[in-house]
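1. Build me a structure from this.
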Amino acid sequence: MGFYEDRVLPHLVNLTMRNRRLIPYRERVILAAEGRVLEIGVGSGLNLPFYPAPVREIVGLEPAPRLLAMSRRLGTGLSSLVKFIEGSAEAIPLEDNSIDTVVSTWTLCTIPAVIQALHEVRRVLCPDGQLLFIEHGAAPDDNVRKWQDRLTPAWKRIGGGCHLNRPIPTIVESAGFTITSLETGYMKGPKPMSFLYEGRAKPN
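-> Numbering: from 1, shown residues only. Reported below is the predicted structural model:
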């Protein structure tokens, strides 16, 4: 891991994800969580204050040590039981059928083997569990999508592997999930970076 990825990128990610425009999206998604929750790509822990009372435990999974340290500091004062694991969603170190809710917020865009990660999510979910997600990805407008395709190679280098052009619903469904609710639309900001998918899925 180079200096940029280790020292600079975690602070840029934390700063970017503190955008107040993201708070309503976080609130809606996180309030639907229940039971034992796994949050993949917990980052600097910005979702943690939004978890509702029905959540009995939060497991935060994050591959970046510096972001995980930020999460640990934020999680110290929470009433919910929170534990953190340094690791990747491509190999989740949890038992089969041990999680009620998996949360992914602006995470599926960065995971290199994203289908593999979603297979892992499906493995750890209980049969009646749920995947809650808010992700940015491929826009429905041809002109915007062309810009997403042009920008993604450079964007990945500066954004920690972030893809602007992933077709999130297709990826989720191809990993063995059925999407039970989905809202889409542009948030404020440059259109190639701001088309969002907000949804819930169940394992098949």
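
2. Give me the buried positions along the biggest helix by length in the chain.
-> Counting residues, the longest helix found in the chain (DSSP state H) is helix 142-158. If you call a residue buried by 16 or more other CB atoms under 10 Å, then helix 142-158 has these buried ones: 144, 145, 147, 148, 151, 152, 155, 156. Placement of C-beta: from N, CA and C, glycine included.

3. Residue 126: which of those residues is nearest?
-> Using CB to CB, residue 156 is the member of the buried residues of helix 142-158 that sits closest to residue 126, with 33.6 Å.

4. how about the strands of this protein, start to end?
-> Here the chain has its strands, by DSSP state E, at 35-40, 55-62, 81-86, 99-105, 125-136, 177-186, 195-203.

5. could you dump these to a markdown table with distance to residue 115 and mean pLDDT?
-> Shown next, in a markdown table, are the strands of the chain (distance: least, CB to CB, whole Å; pLDDT from 0 to 100):
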| stretch | distance to residue 115 | mean pLDDT |
| --- | --- | --- |
| strand 35-40 | 14 | 97 |
| strand 55-62 | 17 | 95 |
| strand 81-86 | 21 | 94 |
| strand 99-105 | 14 | 98 |
| strand 125-136 | 14 | 98 |
| strand 177-186 | 11 | 98 |
| strand 195-203 | 14 | 98 |
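
6. how about TSV for the buried residues of helix 142-158, with distance to residue 176 and pLDDT added?
-> What follows is the buried residues of helix 142-158, written out as TSV (distance: CB to CB, whole Å; pLDDT from 0 to 100):
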residue	distance to residue 176	pLDDT
144	29	98
145	26	98
147	31	98
148	26	98
151	30	97
152	26	98
155	28	94
156	26	94
